[in-house]
Every structure is written in structure tokens, then in C-alpha cells.
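Undergrad: predicted model, plus sequence, below.
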Amino acid sequence: MTSHAGELPRLDMYIGGEWVKPASGEYFETVDPFTARPWAMVARGGAADADRAIQAAHKAFKEGPWGKMHPSERGKLIYRLGQLIEEHADALAEIEVRDNGRLLAEMQHQIRYIPKWFYYYAGLADKIEGVVHPCDKPALSFSRPEPLGVCVGIVPWNAPLLLLSLKAAPALAAGNTIVMKPAEYTSATALKLMELVEAAGFPPGVINVVTGFGKEAGEPLVTHPLTRHLGFTGSTATGAYLYSLAAKDVKRASLELGGKSPNIVFSDADIDNAVRGVVGGIFGAVGQTCIAGSRLLVQRGIHDQFVEKLAAFSKSARIGNPRDITTQIGPIANRMQYDKVLGYIDIARQEGAELVLGGKRPDIAECAEGFFIEPTIFTGVNNEMRIAREEVFGPVLSTIIFDEMEEAVEIANDSEFGLAAGVWTANMRQALRMSEMLEAGSVWVNTYRDISYTTPFGGYKKSGIGRENGVEGIREYLQTKAVWLSTA
Ligand code: ADP
């Protein structure tokens, strides 16, 4: 996988069971967000590499042993891959931290959980059953689910390995082959995963990785005539654009896109619990998650007390080296995102929001080099402000006051997004009513940011199409064939 040229290691792509140099011959730097220095060179893939990968995946699907393998045998390979990820979790976590600056403790936790997706879908591989239909014609009619063919998985930089696994595990369990493109800033764990794919014994071409930039390496994967499905996680703008490209060829697409998720705190809530949940919801992963609870809706009676507690709790968070196990807030993943978040903080100020915490780089020696921003809280926000409508993808919380439940619902739903929502209340009737009225793919009550391989995850409105995880997750990667046997 790795060769050394000069100082920095070079990371090649994995196509058709081989480590492949880019057709362009070019490599680009990948940067450690803590030191702001490059640590490796990544292959700059392009259309020729994308074509090679899709052809390899197509060949593996059509001619290779994968298509003829009994689903339980495919399941065994998928299970084996999960075991190898478990064995190498710490090494994978360290690479992830190097690439995207997430906390080591958090990444260890996340990567130790990833094998569950492989175990779950490995188990489902031989349980995909067809249906015999009660037919009104002189025929036996039945239908069976079949794989789609070559699937493409494109993911962002915030949780590269997790988001690739959410796509690869069900796609493979359904009998497809896959080409994955990680984000340009965070390619290293996907490539490390390919070493494990090799070790697990997958036939060549079943799983491939092309690295590079979106337009150059990603787009030709989506538009390739042999591609049958796009599984995308990323921004709504890019997702909508790729959806339009997929639509031209009537390709299937599952999209998991942006959010501006509300965390709604009622005055009867357990305040300390809600403070912890709201802090984890927006400052966990430095706000760089699609499900970040970036709008805080607080009932008027507890507003001042709640904000005070929230600010005190957030102020005590330890900012610093993501590899230090005591650190609670690490750097932003890359310079572009860092500039974007600071830009939004300026916009919020100009819009008249009141800054009660943060809003700048921390004044800490350890944070001098990296892309750090303090946990930032604005109050006095109204839902018309850009800071309440647009996805910041950073540690910036916008606080809005509400009086009645109906008003909270109206504000929460007044968004083009609908990914998730949190409700904090001791009143279960109120919680259930809220879960009915909120336009969101996930509603958490007295908890936030819970995700499981068993439970469907996806967005309402511009937050996406399709669902990942659970049984619904594998249906995205299957199509139904109806068969008629005449009995006339
Ligand atoms: P971000 O999540 O950083 O806001 P994007 O949603 O644009 O950014 O990126 C998510 C993923 O989509 C990345 O892997 C990126 O390289 C890829 N991507 C961006 N633009 C395109 C494109 N035109 N075609 C294919 N992939 C793209």
C-alpha cells in the first residue's frame, strides 16, 4: 500500500485486488489538523482510475466467484472482515485521528463499534427471502430480491471508516460489488481497510478504493455507465448535484445529507441531563457531524438558567491534542472548514446574535498550530438568521426561545433540513406528541446522537433519501424480480 518518496509515505489506490498508482502519476498531501502539517501523499485518482475500478467491480460481479458464491459464504467473508477491523481497531483509530483530528478516545470507541455492521449484515446475507404471490392468473408468480451490480460509495471526512462501513456491509451482503471514494482529506483509513480486505480473502474487484478529489475521481464513478447505485454521505449541495447526475441514467441513489437539527428543551426536563446532551450534540466531534444539534430551542421559563449552566459546562471543556485521552475538544478537520466556521461566527455577530461563549481561537499554547475554535454559543437567535438556517458543521450553537409546544414544533420544522431532533422533557405524552409532529428521520427523547446498526437512519426533506442500517439498509441495495410460471 505504501511506498516512500522523499520524506512522506505515498498511499496508492486499491483496484481489482491490486495496489495501483494513479494514471496521472500525481499525489497530493494529506494534512494532520493538529499540527497543520502534511503527513502522507495520497494518489490523485481521475477518470481513467475510476473506469478501471468500475470495470474491475463489474467483472467481479459478473464473472468472478462472488456472484456464484452462496450467500452464507459471502456472509463468512463479511464477518471475517469485521473481525479483522476489531483486531486492528486501535491502529485504524490512530490513522483516522491523523487525518481528521477527531479525538483518539472517540475514534477508538467508534472503530471498535464498526465491526457490528459487518456482523449484522453478514448474518442477513443468507436471510434475504422472496415472496410467492397469491396470483389471479393461471400461473405461479413469485418474486425474489437480486443485487443491483456495481455500487459506488462516496463519503466525507468526519467519520470516514464508519460511513464507508454503513455502505459496504449491506451492499456486499446483498451480493453487490463496490467502489468507494473517501474524502480527499481523509483517505488513509479506507486504504488501511483494503489491507484487511486482502487478508480476509475477498476475491479481487469485490471491494475497491479510488482516492482523489470529488470532481476528478468521484464524478466519473457516479456517471460511469456500469454503476448501478450511488451511496453518498456529504453536503446537501453535492448530494443534490450527484443525484441529478444519477437521475440522467436512472441510477438508484441513497443520500445522507446535511442537517440543522433542533434540540428542544422543555422547562420540565432534567436540566443537568439536558445540558450534557446539548453539549454532546453540538460540541461532540467539534460540531462536525450531520446530526449536530446546532439549534437549541429552550422554553422561556428556563432560558437564562439553562444558558448559564450550558456556558459554564462548555467553558470547562479541555481543548487540545486529540491524542491526549483527557482532551474533550480537538481541532477542526481542515483549514477550509476552519475558515468557513469562523466566517459563520462573523455572520452571526452581524445578524445581531449575542455571543455568550467562545467565538475565536483558544488562547492555549498547545493549540497554536492546529485548526482550533472554542465552543461557541449564541443567544438571541431567531429562525430567520443564516446562523439558524445554514449548516455550519462546527462548534457553534444557536439558541432560540419558545413559549408553547406548538411554537417549538413550528420553529423546529421551519427548515429545509429534517435529519434529526432531540426532545428533553419529563412528560412522555409531550415526548410522543413531539415525535409525531417533528419532521426528522430520527427523534431522540432525553438522549441525543444515538446511532445503531439495527435502527434505520436517514433524512426527511433535503437531509436525504433512503435509509442506512437495519433491514431497511440492505433493501437499498436490492431490486425485485418477478417470475411467472404458467400453470395453464
Ligand atoms: P463536505 O462534506 O466536505 O462539505 P462534500 O459533500 O462536497 O463536502 O464532499 C463529500 C464527498 O463527496 C467527498 O468525498 C468529496 O470528494 C465528494 N465530492 C465532492 N464533489 C463531488 C463531485 N462533483 N462528484 C463526486 N464526488 C464529489
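TA: Perfect, I can see it now. Numbering: from 1, shown residues only.
Undergrad: near the ligand, which residues of the stretch 51-200 of the chain are found?
TA: Within the stretch 51-200 of the chain, the residues that sit near the ligand (C-beta under 6 Å from any ligand atom) are 154-156, 181, 183-184. Backbone N, C-alpha and C define where each C-beta goes, glycine included.
Undergrad: quick one, strands of the stretch 1-150 of the chain?
TA: 2-5, 8-11, 13-15, 18-20, 27-32, 37-43, 131-133, 139-147, 150-154 (DSSP state E, counting those that start in this stretch).
Undergrad: how far off centre is the fifth one?
TA: Centroid separation between strand 27-32 and its chain, computed with C-alpha atoms, centre = their mean, to the nearest Å, is 21 Å.
Undergrad: in it, what's buried?
TA: Residues of strand 27-32 classed as buried: 27-28, 30-32 (neighbour count, 16 or more other C-beta atoms under 10 Å).
Undergrad: so which of the residues of the stretch 51-200 of the chain next to the ligand belong to strands?
TA: 154, 181 (DSSP state E).
Undergrad: can I get the residues of the stretch 51-200 of the chain next to the ligand in a markdown table including distance to Pro9?
TA: What follows is these, written out as a markdown table (distance: C-beta to C-beta, whole Å):
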| residue | distance to Pro9 |
| --- | --- |
| Ile154 | 24 |
| Val155 | 22 |
| Pro156 | 23 |
| Lys181 | 20 |
| Ala183 | 19 |
| Glu184 | 17 |
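Undergrad: possible to save the residues of the stretch 51-200 of the chain next to the ligand as JSON lines with pLDDT and neighbour count?
TA: What follows is those, written out as JSON lines (pLDDT from 0 to 100; neighbours: other C-beta atoms under 10 Å):
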{"residue": "Ile154", "pLDDT": "98", "neighbour count": "27"}
{"residue": "Val155", "pLDDT": "98", "neighbour count": "25"}
{"residue": "Pro156", "pLDDT": "96", "neighbour count": "22"}
{"residue": "Lys181", "pLDDT": "98", "neighbour count": "30"}
{"residue": "Ala183", "pLDDT": "97", "neighbour count": "24"}
{"residue": "Glu184", "pLDDT": "95", "neighbour count": "20"}
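Undergrad: which one of the residues of the stretch 51-200 of the chain next to the ligand is nearest to Ala217?
TA: Minimum distance to Ala217 across these is 5.7 Å, recorded for Lys181 (C-beta to C-beta).
Undergrad: ok, now which ones touch that closest one?
TA: Each residue near Lys181 by C-beta atoms under 8 Å, 6 or more residues apart in numbering is listed here: 45, 152-155, 209-212, 217-218, 221.
Undergrad: ok, so of those residues, who is nearest Thr447?
TA: Val155 (25.3 Å).
Undergrad: which non-adjacent residue is nearest that closest one?
TA: Leu163 (4.1 Å; C-beta to C-beta, 6 or more residues apart in numbering).
Undergrad: distance of Gly101 from the ligand?
TA: Gly101 is 14 Å from the ligand, where distance means C-beta to the nearest ligand atom, to the nearest Å.
Undergrad: for the residue in the stretch 1-150 of the chain that the ligand sits nearest to, which non-adjacent residue is closest in space?
TA: Scanning the stretch 1-150 of the chain for proximity to the ligand using C-beta to the nearest ligand atom identifies Ala50 as nearest, at 9.7 Å. Excluding its sequence neighbours, the residue lying closest to Ala50 (C-beta to C-beta, 6+ apart) is Pro220, at 3.8 Å.
Undergrad: can you pull the contacts of the one you found?
TA: If you count contacts by C-beta under 8 Å, 6+ apart, then Pro220 has 46-47, 50-51 around it.
Undergrad: CSV for these, including neighbour count?
TA: Shown next, in CSV, are these (neighbours: other C-beta atoms under 10 Å):
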residue, neighbour count
Gly46, 20
Ala47, 16
Ala50, 28
Asp51, 16
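Undergrad: in helices, which of those fall?
TA: 47, 50-51 (DSSP state H).
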